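Asks: any chance you can model this:
(chains A, B and C)
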Amino acid sequence: MTSTAPQLGKNRRKKRGSVLGNTGLYLAVGIAALLFLLPFYLIVRNALSTDQEITGENWKLLPSFQWGNISELFDDQTVQFGRSLWNSTVVAVLMTVGTLLVCSLAGYGLARIPYKHSNKVFYLVLATLMVPTAVTFVPSFVLVSSLGWVDTYRGLIIPGLFSGFTCFLFRQYFLGFPKELEEAARVDGLGYWGAYWRIVVPNSLNFFAAIATITFISGWNAFLWPLVIGQDPNSWTVQIALSSFMTNQTVNFHLIFMATAVSILPLVFVFLFLQRWLVQGIAQTGIKG
Amino acid sequence: MSTTTTRGVAQTAAAETSKSRPRRGLRSNATLNFWLFTGPFLIGLVIFVFVPIGWSIWLSFFDARYTVTPSHFIGLDNYKQILTNSNFPDSLLTFTVFAVFIVPTTWALSLGLALLVNQLRFMRAFFRSVFFLPTAVSYVAAALIWKMSIFSGVRFGLMNTVLGWFGVDNIAYLANPSPPWYWLVIVSLRLWIQAGFYMILFLAALQNIPAELYEAAEIDGAKRGWQTFRYITLPQLRATSTAVVLLLLVAAYQAFDEFFNIISTKATWAQTPLMELYKAALGTNQDYGAGSAGAVILSLLICIVTLAQGRIMGFGRGEESK
Amino acid sequence: MSAMSNSNLSRRSIFRAAAGMAAAGTLAACGGNNGRGGSGGSGKQLVQYFHAYGEAGTEQAIKRYAKAYTKANVTTNWITGNNFEAKLFSSLLTKQAPDVFEFHPQLQLVKSGQVADLSDIIDPVKDDFNPADIKSHTVDGKIYGIRMIDDPQFFYYRKSMLEKAKVEVPTTLDELLEAAAKLTTSKVKGAFLGNDFTPVQNPIIWSAGADTIDANNQIAYHTDGVVEGLKKLRQLFTSGHVLLDAPTDFWDPSSLNQGLCAIQWGGMWSMPAMQQALGDDLGIFPFPSVGSAGKQSVYNGGWSMFVNAKGDNVEAAKAYVKWLWIDQKKYQEDWATSYGFHIPPRTSIAAGATKLKSGLPAEGVKLFTDYGHFDNIAYDQTMQTAFADVIANSVRKNGNPEAALDACDKKVNVELKKLFG
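Replies: Next up, the predicted model:
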């Protein structure tokens, strides 16, 4: 920045290298991207094929576009796929809303409200991170079922709301939240509660969006818990429906892959839609250290 | 809360007392608020996390087959059983092998992708989305694609089709454990699903590195590329790297879904700790005592690893001092 | 979903939809849909668990039978394949446990008091049942389950392929190895024994002239014959002449039907589907003998009905089980022969089952009678899992069979000690 001459020179040098460099760069990224997209291609190809095409001797690059597979999937009597999509939507959405509410409040309390035992409470939360959920699986299930929550949305959603990890992420984030903003609010006569809702949350939407996406994904993709809670096919989530297509004793390839495609689709939309906030938000998760 | 405030305001007559009084008011107010904010979460945590954990620990000292309300206390027998007469210790070894594979490769791949994407000027958002998209896919769905389409052992599997063009005979990637092709299947699947997420973390960290550092280095004669990467980028990413490694490690400990769906429990290799616990408790044996004993051991191990790591990188503490 | 398909994807519309769904979800949750409600016309509510049978029409059939029962309102849970055990056993721990469920005879279920004594309803018709089926459900003189169907498992083969390769139907394991070699082409593998070879883990013991555990509940599988059999299986596994990593396992007829293999291990239930796909180009044979002391064998698996002794409606459940699986012979025959083929455990029904009287089904019945081995109630899941490890270690992996069997002995002995002291 001392003078303009070296600056120009540097730019020129950069540009000359960039023609070659860029081609190589885009080639590398392009190949990587193709590899990452390959499984998606396989899902779509198989979903729109007949079983004969999938299991045939010669690889067919493009399917014969059996759009009828979609209606076949939703008409299937043993697995109510439409119903399971609805259940997954309800579960994932409510789980996201609930987790954001409960965990963000707790994270804020732990990060910002002075209380002499707050560290001890925080260590209790941290301790739960060490215990894999599958470990407490059976007692949890017995507990939830003794509440009469088997086959209900409550049983699917509520036990999953209290994520130590999400609370931890919120705490880390709020620790880095500029104190000045809240103090200004406090001067204006807002208590913690008011400051939280009027100042902190509106200024943290990116972060909330990031956590929302992660929670939504894990709610949508959860498998073992919905498996035992959803005894009745009416309360199956989409992962259970998917797995039942897989383990059914007669294997219909085109249905399995169509079900996979349909189960992924909503998430792809959520992703593409939330991507901007998500990336900014994840950058703030506090995992950056 | 409102009452405290009004009282505080009402009594702010003398300057001397006003300083201490509202403060004390604020402090009790803070305690109340602390519980108001954390209460709902903590109540849920106790009911849905701590009670089951306690229950598991209790079960681990009882003869609990086909029941979770046992009455026959057997001391440490379950621990002896799971440590000496089961495949659980082997599974800890499996996990170690898996972690040795997956942690460095995921770290390298996600960092590599982040470096590539970070240099892009056009279509950056597009490529970022492409690499991030697999995060949305469930392990159930991914296992299905891997097992039935890519690594299927028959002639219409993608890998075998491609190898077939070169005259290579069909390979049974999963049924035959020697050579251990199954690691290729498992590792590639996990890389595909996970790399994008960690790439975003690295991408965020890369963008936080001050540009002046590179400019200064260039003035000092450092060449762009390996040298700046080695002496600037990598050290600047240290915090993110350690966090990523920790997250990967814990995730590897808890691996279950794709192993369960791809390897199945009818093998003796590539059985992760959680799969052994599943077999002991939920699967066919219904021995909740031994299962819980294994769970306690596993939790303790994770605890030790995390604490050791946390000591090194100061995870979860330290920021209070800010 | 409605918000997703909305063409105008604004941030607001998503939030509105989310709020709406939150409200709807809460309402739905408060509705308390616990799956067993419904209009209980006639008093008692019963829940029964079935694993998902693959054959078309089976689920409808079970529900049809249940609906015809007038003394209680029976709800059916139809649980898909791999998830059946996890789901059944976890729910048995709870208040929402099924009153009636299907499973295999397991001593542990009896010892833990999980299943009810059904002697009083079976005794009057005891003589009509296959004695082996009664024996495998009896502990200390009491009968704990009713066999619904017997499912022999044996090899299926494509007659045309064997003729073309000039191969005789194998009767010894050596011949099976040779046959597999001759039948293998670039497109077709010689044989398919399931993706992990565990489907034949019992037949390999019996065919070597040994047994799982003996009458005194001591280990009987650890013989030289079994070791030899395991070595042969290892040879077969590594020969390149068996189908591995097939998309479907042995219980599905696809591998044979799609021409992926010439010989496939399978269950009698697959017979109708195979006959439909292959016509007369289909034969069956038992698991070939191993060594000089060996004898061909067939595994007589199957499913039985149990009553949850810890449930609230034990008497009502017993009444239902008696009605359907003792009294309603029409339904029992329909269940055994109208979908997949199964052998009715009751002589009176088997005698009238015309579908099993001729052709290939009749051959299946003959294999069942001549070569069949039934479940031993004391050879429980823990022991079977231990022996599955033997298959994994010495057949799929290059482990020493003796060492693998020793490790298995250790686990089985601990379990035997737990069961019998």
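Asks: just confirm yes or no for the one helix or strand A:Phe269 maps to near chain B.
Replies: Assigned by DSSP states H and E, A:Phe269 belongs to helix A:253-283. Yes. Counting by CB under 8 Å from any CB of the partner chain, contacts between helix A:253-283 and chain B involve A:253, A:256-257, A:260, A:263-264, A:267-268, A:270-272, A:275, A:278-279, A:282-283. C-betas here are computed from N, CA, C, even on glycine.
Asks: and stretch A:112-131, which residues are buried?
Replies: A:112-113, A:115, A:118, A:121-122, A:125-131 (16 or more other CB atoms under 10 Å in any protein chain shown).
Asks: repeat for stretch B:44-56
Replies: Buried residues in stretch B:44-56 (16+ other CB under 10 Å): B:Gly44, B:Leu45, B:Ile47, B:Phe48, B:Val49, B:Phe50, B:Pro52, B:Ile53, B:Trp55, B:Ser56.
Asks: about what we covered before: go through the buried residues of stretch A:112-131 and name the one with the lowest pLDDT.
Replies: Least confident of those in the model: A:Met130, at 75.
Asks: for the longest strand along chain C, packing partners?
Replies: In chain C, assigned by DSSP state E, the strand with the most residues is strand C:146-157. In terms of contacts (3 or more CB pairs under 8 Å, 6 or more residues apart in numbering or on different chains; DSSP states H and E), strand C:146-157 is packed against strand C:261-267, strand C:283-285, strand C:298-307, helix C:329-337, helix C:359-371.
Asks: on the C-terminal side of it, identify the next helix or strand.
Replies: helix C:159-164.
Asks: touching chain B at all, the very next helix or strand once past that following helix?
Replies: Per DSSP H and E, helix C:159-164 leads on to helix C:173-183 as the next helix or strand towards the C-terminus. No. Using CB under 8 Å from any CB, helix C:173-183 stays clear of chain B, with a minimum separation of 14.5 Å.
Asks: in helix C:173-183, which residues are buried?
Replies: Buried residues in helix C:173-183 (16+ other CB under 10 Å): C:Leu173, C:Leu176, C:Leu177, C:Glu178, C:Ala179, C:Ala180, C:Ala181, C:Lys182, C:Leu183.
Asks: same question for stretch B:243-252.
Replies: Neighbour counts over stretch B:243-252 (16+ other CB under 10 Å) mark B:Ala243, B:Val244, B:Val245, B:Leu246, B:Leu247, B:Leu248, B:Leu249, B:Val250, B:Ala252 as buried.
Asks: next one: stretch A:27-44
Replies: Those would be A:Val29, A:Ala32, A:Ala33, A:Phe36, A:Pro39, A:Phe40, A:Leu42, A:Ile43, A:Val44, for stretch A:27-44 by 16+ other CB under 10 Å.
Asks: export those residues as a markdown table, with columns for secondary structure and pLDDT.
Replies: Below are those laid out as a markdown table (DSSP: H, G, I helix; E, B strand; the rest coil; pLDDT from 0 to 100):
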| residue | secondary structure | pLDDT |
| --- | --- | --- |
| A:Val29 | helix | 90 |
| A:Ala32 | helix | 92 |
| A:Ala33 | helix | 93 |
| A:Phe36 | helix | 93 |
| A:Pro39 | helix | 93 |
| A:Phe40 | helix | 92 |
| A:Leu42 | helix | 90 |
| A:Ile43 | helix | 90 |
| A:Val44 | helix | 90 |
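Asks: these also near chain B: which ones?
Replies: Applying CB under 8 Å from any CB, the subset of the buried residues of stretch A:27-44 adjacent to chain B comprises A:Val29, A:Ala32, A:Ala33, A:Phe36, A:Pro39, A:Phe40, A:Leu42, A:Ile43.
Asks: enumerate every residue touching the fourth one.
Replies: Think A:Phe36. Going by CB atoms under 8 Å, 6 or more residues apart in numbering or on different chains, A:Phe36 touches B:Val130, B:Phe131, B:Leu133, B:Pro134, B:Trp192, B:Gly196.
Asks: close to chain C, is the helix or strand hosting A:Ile54?
Replies: In this structure, A:Ile54 sits in helix A:51-55 according to DSSP H and E. Yes. Using CB under 8 Å from any CB, helix A:51-55 comes into contact with chain C via A:Thr55.
Asks: okay, now C:Ala210: neighbour count?
Replies: If you count neighbours by other CB atoms under 10 Å in any protein chain shown, C:Ala210 ends up with 21.
Asks: which non-adjacent residue is nearest it?
Replies: Leaving aside its chain neighbours, C:Ala210 sits nearest to C:Thr223 (4.5 Å; criterion: CB to CB, 6 or more residues apart in numbering or on different chains).
Asks: C:Ser207 is in contact with that neighbour, correct?
Replies: No. Using CB atoms under 8 Å, C:Thr223 is not in contact with C:Ser207; the gap is 11.7 Å.
Asks: neighbour count: these two, which is higher?
Replies: Ranked by neighbour count (other CB under 10 Å), C:Thr223 and C:Ser207 place C:Ser207 first, with 27 against 18.
Asks: list, one by one, the residues from the stretch 201-350 of chain C near chain A.
Replies: C:Pro247, C:Thr248, C:Trp251, C:Asp252, C:Ser254, C:Gln258, C:Ala273.
Asks: between these, which is closest to C:Lys166?
Replies: Closest approach to C:Lys166 among those (CB to CB): C:Gln258, at 23.8 Å.
Asks: distance of the residue in the stretch 201-350 of chain C that chain A sits nearest to relative to A:Pro159?
Replies: Using CB to the nearest CB, C:Thr248 is the residue of the stretch 201-350 of chain C that sits closest to chain A, at 4.8 Å. As defined by CB to CB, to the nearest Å, C:Thr248 lies at a distance of 35 Å from A:Pro159.
Asks: quick revisit: restrict the buried residues of stretch B:243-252 to those near chain A?
Replies: Filtering the buried residues of stretch B:243-252 for proximity to chain A by CB under 8 Å from any CB leaves B:Ala243, B:Val244, B:Leu247, B:Val250.
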